[in-house]
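**Q** sequence plus the predicted model coming up.
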Amino acid sequence: MKKNWIALVSLALNLVLVALVLWQGSRLDTLEQDLWNVQANLLDRQDQVMDEVDALREDVQEGERLIADCALEPAGLDPETRSVFLNASVTLKEWGEDTDAALLLELEGQTTEAPLTHGGNGVFTGEAAVPGEENGRLTVTLLVPDTGGTVTREQAEFVYQLSDLLPVTDGATGTSTPYWEEDTLLLQSGFFFCPYDRDHDYVEVRDPEFRLYRNGELILEETAVYHPMSDDIPYCYYLREVNEDGLGQTIPVDAQPGDDLRLAFACQDQFGLAYEFTVDHWQVLKDDAVHVSLDEDFYPTLTWPE
């Protein structure tokens, strides 16, 4: 009887110990979760503080800047010198009656300095001509000399691509994907290109045509078909006539798996400058073709008249 009593007491103690262990485990889980919550809150607060510091730093830097506003507007081309004319406008935060200013334009290692004239209210304007043979990045730096001859330099916050300042900057395009039918690769002819200028106004171009390249070699060249898309898009150029479904004809392409295909739209502006824009780019696979996106596909190739 005594042994039974001892066994019952031992069992009861073991059950109590098990309950304590389970309770402590639950408590530890709760404490761990609380600790994670505190850590997450601290990280959130740290992010908020860093955002506030970054915003304060930007405010301080903005307060130290001389330029309140800066803009370049295209003003035409000179085919003889292969130059792009630009109108520049800079608004300064602080100025005096004797303040002088100029812009330094840098394009592919070539620099052009354009003096600015103070027109009042801190607005300085001027004209510049930059070389246009290379479609590169155009940086703009403000030069402000003081009476002691020290020149303060401040770069504008934007960087232009030269093609952004040309009469034709880009175009709206229609896309599709070549596909295999039995052993023949087919391309739908429903592609189009609607050229526009820097203000996104659609513009008319000269000598529009589509070009298809295989591994860099020209394999198809056709005059584009002009057809207005709508009243808002009056200038649109198609690869061949299209049907009512908009798909047009199917064009067989001499290509094999592994080939690189690029469809381009070429044209000229009123100054005779020639452009070639990439409409679409594909890598041909065994069963289909996939789109390829290269940095050079985003900007036109330029060719000046001889």
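**A** Everything's here; your move.
**Q** any idea what residue 179 is bridged to?
**A** Residue 179 has these beta-bridge partners by DSSP bridges: residue 186.
**Q** just give the number of residues close to residue 97.
**A** 5 (other C-beta atoms under 10 Å). Where you see a C-beta, it was placed from the backbone N, CA and C, and this is true even at glycine.
**Q** look at it and give its secondary structure.
**A** coil (DSSP: H, G, I helix; E, B strand; the rest coil).
**Q** so how far is residue 88 from it?
**A** 21 Å (C-beta to C-beta, to the nearest Å).
**Q** please apply the same query to residue 270.
**A** Distance from residue 270 to residue 88, by C-beta to C-beta: 23 Å.
**Q** which of these two has more neighbours?
**A** Set residue 270 next to residue 88 and count neighbours by other C-beta under 10 Å: residue 88 wins out with 22 against 13.
**Q** shouldn't the more buried one be within a strand?
**A** Yes. According to three-state DSSP, residue 88 belongs to a strand.
**Q** my guess is it contacts residue 104. True?
**A** No. With contacts counted by C-beta atoms under 8 Å, residue 88 stays clear of residue 104, the gap being 10.9 Å.
**Q** now for these two: what residues contact both?
**A** 114, 140 (C-beta atoms under 8 Å, 6 or more residues apart in numbering).
**Q** average pLDDT across stretch 253-270?
**A** Computed over stretch 253-270, the mean pLDDT rounds to 95.
**Q** roughly how far is it from the heart of the chain?
**A** Relative to the centre of its chain, stretch 253-270 is centred 22 Å away, using C-alpha atoms, centre = their mean, to the nearest Å.
**Q** may I have it as CSV, with CA atoms only?
**A** Taking C-alpha atoms only, stretch 253-270 is exported to CSV below (Å, rounded to 0.1, in the frame of the first residue of the first chain):
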residue,chain,number,x,y,z
VAL,A,253,12.5,34.7,-92.4
ASP,A,254,15.7,32.8,-93.3
ALA,A,255,16.9,32.0,-89.8
GLN,A,256,18.0,29.1,-87.6
PRO,A,257,18.0,28.4,-83.8
GLY,A,258,20.7,30.5,-82.2
ASP,A,259,20.4,33.4,-84.7
ASP,A,260,19.9,37.0,-83.4
LEU,A,261,17.2,39.0,-85.2
ARG,A,262,16.6,42.7,-84.9
LEU,A,263,13.9,44.7,-86.6
ALA,A,264,14.6,48.4,-87.0
PHE,A,265,12.8,51.5,-88.3
ALA,A,266,14.9,54.0,-90.3
CYS,A,267,14.0,57.6,-91.4
GLN,A,268,15.3,61.1,-91.8
ASP,A,269,14.2,64.4,-90.3
GLN,A,270,13.8,67.7,-92.2
